[in-house]
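Novice: need a 3D model of the sequence below.
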Amino acid sequence: MAYTINKNWIALVAALGVGGLAAYGAKNYLGAQMAEIEAREKNKAMVQVVVAKTDLEKGSPLTADNLAVRAMPKEWAHSGAVTPDQFSRVEGSVLAYPATSGEPVIWAQLEGQRTPTFSARLSAGRRAVTVPVDEISSLSGMVEPGDLIDIVVSISKDKRNFTFTLLQSITVLATGTQSSQDSKDPENHARTFTTITLDTTPDDAKRVIAAREVGRITALLRAPNDTSSVSKVRSDAQTLLGLATGSVSGSSSVPVIYGGGPISEGQHMPARMGGDGEILAGVR
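Specialist: Take a look at the predicted model:
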């Protein structure tokens, strides 16, 4: 009987040990997963949007008392959400549809379906600059609002052609008069446009304007969310194409003979008088 009891105790202790190890492993796994999730959340770009403090019924006026500001990941924010810098435009407006507590207030909820002006798409401190493009630099009409592009400039200076990246990861606000991907040609015809409107800083807007004056601008389309940096080195066009042949001297290597001998360094040609008294310098 004693042998049976000891065997049961051993089995019980073994089961408890296995259970403890499983619980410890599960705890570590869940802890690692939570840490990874928290790290991803911290790295997400955040934006601030206007939300309802409480549930608001249809017909409720929007005021500072029933609205609040909440930060949320940019990828989750509604494209039509009202932002804090746009509050002055919606204050006093009436809701055409109910708003739920804690959820962003969007422009489509306002009575009369008021829509923001194009300038409302810009964040504080940003500028929209429109640049002309041609069929090649607009990627044959395949650039859409919301795309990221690089701006490459080609210019000529001192009889040499240079190509370099001026701006990187710039958001396209509009292509021609199209400011959203939803406003497409109803007959699915290939879109063409002659301008691109970009979201830039004030200084970058000046650089784009200056580049338009002295050279040619080309747009390079990026993959979505690709914000990697590229070189801004100003390279000679012939070097980029592998056509550089070394330095070329602008002077002739053939000596010029004046009066039976070569001209040495620093030597000057004597002046002579012409037949009517005119001074002739450098005459052989």
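Novice: what's the following helix or strand after the helix or strand harbouring residue 23?
Specialist: Applying DSSP states H and E as the criterion places residue 23 in helix 2-43. Using DSSP H and E, the helix or strand that follows helix 2-43 towards the C-terminus is strand 46-52.
Novice: may I have that next one exported as CSV, CA atoms only?
Specialist: C-alpha atoms of strand 46-52 as CSV (Å, rounded to 0.1, in the frame of the first residue of the first chain):
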residue,chain,number,x,y,z
MET,A,46,-0.2,59.5,-34.7
VAL,A,47,-2.6,62.2,-35.7
GLN,A,48,-5.1,64.3,-33.7
VAL,A,49,-8.8,64.3,-34.6
VAL,A,50,-11.9,65.9,-33.1
VAL,A,51,-14.2,63.4,-31.4
ALA,A,52,-17.5,63.6,-29.6
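Novice: picking up where we left off before, tell me the mean pLDDT for the helix holding residue 23?
Specialist: On average, the pLDDT along helix 2-43 is 74.
Novice: so how far is it from its chain's centroid?
Specialist: 47 Å (CA atoms, centre = their mean, to the nearest Å).
Novice: what's that helix packed up against?
Specialist: Contacting helix 2-43 under the criterion 3 or more CB pairs under 8 Å, 6 or more residues apart in numbering; DSSP states H and E is no other helix or strand. All C-beta spots, glycine's among them, are computed from the backbone N, C-alpha and C.
Novice: who's in contact with residue 48?
Specialist: 69-71, 83-84 (CB atoms under 8 Å, 6 or more residues apart in numbering).
Novice: 7 Å instead?
Specialist: By CB atoms under 7 Å, 6 or more residues apart in numbering, the contact set of residue 48 is 69, 71, 83-84.
Novice: for residue 32, same thing?
Specialist: No contacts exist for residue 32 under CB under 7 Å, 6+ apart.
Novice: run through the bridge partners of residue 49.
Specialist: Beta-bridge pairing of residue 49 under DSSP bridges involves residue 70.
Novice: hmm, back to that, buried ones among the contacts of residue 48?
Specialist: By neighbour count, with 16 or more other CB atoms under 10 Å, those hold residue 83 as buried.
Novice: and the closest residue to residue 51 other than its chain neighbours, how close does it get to residue 177?
Specialist: Once flanking residues are discounted, residue 51 sits nearest to residue 70: 4.7 Å by CB to CB, 6 or more residues apart in numbering. Look at residue 70 and residue 177: by CB to CB, to the nearest Å, they are 33 Å apart.
Novice: tabulate the contacts of residue 48 (CSV), appending pLDDT and distance to residue 240.
Specialist: Output for the contacts of residue 48, formatted as CSV (pLDDT from 0 to 100; distance: CB to CB, whole Å):
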residue, pLDDT, distance to residue 240
69, 92, 49
71, 90, 44
83, 90, 42
84, 90, 46
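Novice: can I get the contacts of residue 48 in CSV including distance to residue 243?
Specialist: Output for these, formatted as CSV (distance: CB to CB, whole Å):
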residue, distance to residue 243
69, 57
71, 53
83, 50
84, 54
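Novice: which of the contacts of residue 48 sit farthest apart?
Specialist: The span of the contacts of residue 48, defined through CB to CB, is set by 71 and 83 at 11.3 Å.
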